[in-house]
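Asker: Got a sequence here, can you model it:
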Amino acid sequence: MATTEIAILDALKELLEKELKDFKWHLSNGGTQYSSIPRGTLESADRHDTVTIMVQQYRSSDAGKIAVRVLRKIDQNELADQLKIKLQEVPEDVSAEGGASSGATAANASTAGVKVTINSSSGGTVKAPVIHGGVFNGPMNFS
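Answerer: Numbering: from 1, shown residues only. The predicted model follows:
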């Protein structure tokens, strides 16, 4: 099963070095309609690092859309179309967003505000996103 990260990486593997440089330039110069990635962060990034940085900056779901948009900006329209098709085949899953994995069950992920319920069955592991700042309501147990 393909993931957003693999789909983006496959697209970036099709780019020549100059095209990859142009792709990274757009990511760091506001060519995404999202917050830019600092130039120094992308300066020595290879294709794998670029995907990782994109997912950290924008989340998996937005990283795919941004990759398609930037590919179009660098006149890689056919590659952008192929990536868009691959991304439609990627299942939307909380674990792909850094939520639950490895024997854990996840439910009730919402984008209106942020509400995530993560449960771990006996002996399971929950890998949750980093929590900082903000207001937290309801029961919270960490161990």
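
Asker: Could you give the secondary structure assignment for Ser44?
Answerer: At Ser44 the chain is in coil, as set by DSSP: H, G, I helix; E, B strand; the rest coil.

Asker: Kindly provide the distance from it to Leu71.
Answerer: 22 Å (Cβ to Cβ, to the nearest Å). (Glycine included, C-beta is placed from N, CA and C.)

Asker: between those two, who's got more neighbours?
Answerer: Leu71 (27 against 7; other Cβ atoms under 10 Å).

Asker: my guess is that one contacts Ala80, does it?
Answerer: Yes - with contact defined as Cβ atoms under 8 Å, Leu71 counts as touching Ala80 (3.8 Å).

Asker: Spit out the residues that contact the two alike.
Answerer: Ala11 (Cβ atoms under 8 Å, 6 or more residues apart in numbering).

Asker: If you count neighbours, what's buried in the top helix by length along the chain?
Answerer: For the chain, the helix with the greatest residue count under DSSP state H is helix 47-73. By 16 or more other Cβ atoms under 10 Å, the buried positions in helix 47-73 come out as 47, 50-55, 57-58, 60, 63-68, 70-71.

Asker: Show me what that helix is packed against.
Answerer: Under the contact criterion of 3 or more Cβ pairs under 8 Å, 6 or more residues apart in numbering; DSSP states H and E, helix 47-73 touches helix 4-13, helix 17-28, helix 39-42, helix 77-89.

Asker: For it, give the mean pLDDT please.
Answerer: When pLDDT is averaged along helix 47-73, the result is 91.

Asker: Could you tell me the angle between it and helix 77-89?
Answerer: Interaxial angle of helix 47-73 relative to helix 77-89 (axes from the mean of the first three to the mean of the last three Cα atoms, to 10 degrees): 120 degrees.
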